[in-house]
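Visitor: Mind folding the following:
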Amino acid sequence: RRCRLVIDDAQELYDSPALACLQTLIDEAPQEMQIVLAARAETGVPLGRLRACDEILEIGPEELSFREDETRGYLALKLPHLPDCDYAALLQERSEGWIVGIKLFCMALDHEPENSRMLDNFTGERSQVADFFLEDAFERQSIEIQEFLLKSSLLERFGPALCDAALGMHDSRALIDQCEAAGLFIQRLDHGRSWYRYHQLFAGFLRRQLQERMPGAASPIYRRAAHWLARTGNHVEAFNCALSGQEPLLAADILDRACDQLFAAGFQPMVQSLAKRLPSHILALYPRLTLCLAWRLTSQWRLSEARSLVAVAEHRVLEMSQLDDADNDAIQRLQLMVAHRRAQIAHSSYDVEALEAQCLQVLEQEPAPDSDPDLMASFHNSLHYAQREQFQFARMERLEARAFEQLGRSSGDQGRVFIAAISGSSQMLM
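Guide: Take a look at the predicted model:
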């Protein structure tokens, strides 16, 4: 006859003499016997050989999480009189399929059936959820692990290197491994074990605990995280950390340094969205970012707003040029960007005479050899367009050649499309 042995809370056997007995039982068990271990953390039982021999079935958090249809079915069973609202999809997103969270929500809504905003307020800070996390997970950990959980919860995603930098630690790898082994609502985001995140309800609980237990601890963590993320090219996360730490100047500086790279990579809408979160008086201090936004507005035909931003940037560049420690090379690059944005606004406004004058003013000054090749190609291309629209065909081929010559110094290919669009239609008129 088949025999099934079920051992619940098997994590309690970890590092105990009973573990050796269990291992012997597993090794010597007859074929008719099944051993079921239910645990919320690592048990310490070696599983490598069993996996290699395909003699084990592992059911982890992903398999145990409810799907949306299961969440919907559970709600229908527990709350048959729930209003005709798609609670299931929202609850699935908030709970991430965690059945305890779904059950706690049902209990809370059952006690407050008239609370239409229950799901909006259903976070890790809510008493029913917080009590569960506090009693069943957090208070069972060592002081060292508790402190790590609290501080690392500020990070939307985290890894050993980021935690070491942001939390001022040197053993984050070991602490993350301990949290993962203890089943503390931590999820891997990659196979290389480089990035993790907490369940969002658990993260909300931890952040509230941090605020109550360590007031003032968040800002320096956010600041160090922002610097590390910016250095490693994670500009958006760095920006978010700076704002979360109540440092809009740092956030603006991060976005300003990255805006050209992000624009070139096609992330103009994202830069525009992030910049909207900055106070206008701080945005005005960063002309490079302001001019990137003006270009974006021009492409959206929001020309009045674009002109205003160009004027703000031009004023700031003038202020910067009057400083004792002014970087003349940087000032010249910004002045070239100001001229380019004005030219693009004239182009979009079909003010071809102004466009021609602005392009000639730049090109006749013989800009420095290391001037931005994309901007210089754009000036030649815009002059080509302005003169063509005034039926001045004599310089068409030369301007096209000069534009392509400038792009030869660029690493991008986007400008070739714009040049081809102008020169192609010019060929039809000549």
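Visitor: So what touches the strand or helix carrying residue 313?
Guide: Applying DSSP states H and E as the criterion places residue 313 in helix 303-321. Among residues not part of helix 303-321, those counted as contacts by Cβ atoms under 8 Å, 6 or more residues apart in numbering are 284-287, 290-291, 293-295, 297-298, 326, 330-331, 334-335, 337-338, 341-342, 345, 348-349. Just so you know, the C-beta spots here come from the backbone N, C-alpha and C atoms, and that holds for glycine as well.
Visitor: Go through it and flag the buried ones.
Guide: Across helix 303-321, burial judged by 16 or more other Cβ atoms under 10 Å covers 303, 306-307, 309-310, 312-314, 316-317, 320.
Visitor: quick one, what contacts the nearest residue to residue 79 once chain neighbours are set aside?
Guide: Spatially, and ignoring its direct neighbours in sequence, residue 79 is nearest to residue 106 (5.8 Å; Cβ to Cβ, 6 or more residues apart in numbering). Residues counted as contacts of residue 106 (Cβ under 8 Å, 6+ apart) are 74-75, 78-79.
Visitor: swap the cut-off to 10 Å and go again
Guide: 74-75, 77-79, 82, 87, 91 (Cβ atoms under 10 Å, 6 or more residues apart in numbering).
Visitor: That one and residue 88: what is the separation?
Guide: 12 Å (Cβ to Cβ, to the nearest Å).
Visitor: Need the residues touching each of these two.
Guide: Between them, residue 106 and residue 88 share the contacting residues 74-75, 82, judged by Cβ under 10 Å, 6+ apart.
Visitor: what pLDDT does residue 366 get?
Guide: With respect to pLDDT, residue 366 scores 70.
Visitor: Before we go further, it is sitting in a helix, right?
Guide: No: Residue 366: not assigned to a helix; according to DSSP: H, G, I helix; E, B strand; the rest coil it is coil.
Visitor: quick thing: my sequence starts at 14, can you match it?
Guide: In the new count, where the first residue is 14, that last one comes out as residue 379.
Visitor: burial of it, as a residue count?
Guide: Residue 379 has 8 neighbours, counted by other Cβ atoms under 10 Å.
Visitor: Which of the contacts of residue 119 ranks first by neighbour count?
Guide: Going by other Cβ under 10 Å, residue 104 tops the contacts of residue 119 with 25 neighbours.
Visitor: contacting residues for it?
Guide: Taking Cβ under 10 Å, 6+ apart, one finds 79, 81, 84-85, 87-88, 110, 114-115, 118-119, 122, 131-132, 135 in contact with residue 104.
Visitor: just for the protein, where's the confidence low?
Guide: 96-98, 126-129, 380, 382, 423-434, 437-443 (pLDDT under 70).
Visitor: ok, which stretches of it are strands?
Guide: Here the chain has its strands, by DSSP state E, at 16-20, 46-50, 199-201, 209-211.
Visitor: Quick one, which of those strands gets closest to residue 275.
Guide: Minimum separation from residue 275 across the strands of the chain (Cβ to Cβ) falls at strand 209-211, 23.4 Å.
Visitor: same for the closest one, what does it pack against?
Guide: Helices and strands touching strand 209-211, by 3 or more Cβ pairs under 10 Å, 6 or more residues apart in numbering; DSSP states H and E, are helix 156-165, helix 173-180, helix 185-194, strand 199-201, helix 213-226.
Visitor: how about 6 Å then?
Guide: strand 199-201 (3 or more Cβ pairs under 6 Å, 6 or more residues apart in numbering; DSSP states H and E).
Visitor: buried sites along the strand it packs on?
Guide: By 16+ other Cβ under 10 Å, the buried positions in strand 199-201 come out as residue 199.
Visitor: May I have the strands that pair with it, each with its orientation?
Guide: With DSSP bridges as the test, strand 199-201 is paired with strand 209-211 (antiparallel).
Visitor: Show residues contacting the strand it pairs with.
Guide: Outside strand 209-211, the residues that touch it by Cβ atoms under 6 Å, 6 or more residues apart in numbering are 170-171, 198-201.
Visitor: Minimum distance to residue 182: which of the strands of the chain has it?
Guide: Per Cβ to Cβ, nearest to residue 182 of the strands of the chain: strand 209-211, 14.9 Å.
Visitor: quick one: the closest one to chain centroid distance?
Guide: Relative to its chain's centre, strand 209-211 lies at 14 Å (Cα atoms, centre = their mean, to the nearest Å).
Visitor: Please apply the same query to stretch 94-113.
Guide: 25 Å.
Visitor: got it, and stretch 398-418?
Guide: Between the centre of stretch 398-418 and the centre of its chain there are 43 Å (Cα atoms, centre = their mean).
Visitor: can you dump the C-alpha coordinates of it into CSV?
Guide: What follows is stretch 398-418, C-alpha atoms only, in CSV (Å, rounded to 0.1, in the frame of the first residue of the first chain):
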residue,chain,number,x,y,z
TYR,A,398,14.8,73.3,-46.9
ALA,A,399,14.5,77.1,-46.3
GLN,A,400,16.2,78.0,-49.6
ARG,A,401,14.3,75.4,-51.5
GLU,A,402,11.0,76.8,-50.3
GLN,A,403,12.2,80.2,-51.6
PHE,A,404,13.2,78.6,-55.0
GLN,A,405,16.9,79.0,-54.4
PHE,A,406,18.3,75.8,-55.9
ALA,A,407,21.9,76.7,-56.5
ARG,A,408,23.3,75.2,-53.2
MET,A,409,21.0,72.2,-52.8
GLU,A,410,23.5,69.5,-53.6
ARG,A,411,26.3,71.1,-51.6
LEU,A,412,24.0,71.5,-48.5
GLU,A,413,22.9,67.9,-48.8
ALA,A,414,26.5,66.7,-49.1
ARG,A,415,27.6,68.9,-46.1
ALA,A,416,24.7,67.5,-44.0
PHE,A,417,25.7,63.9,-44.8
GLU,A,418,29.4,64.8,-44.1
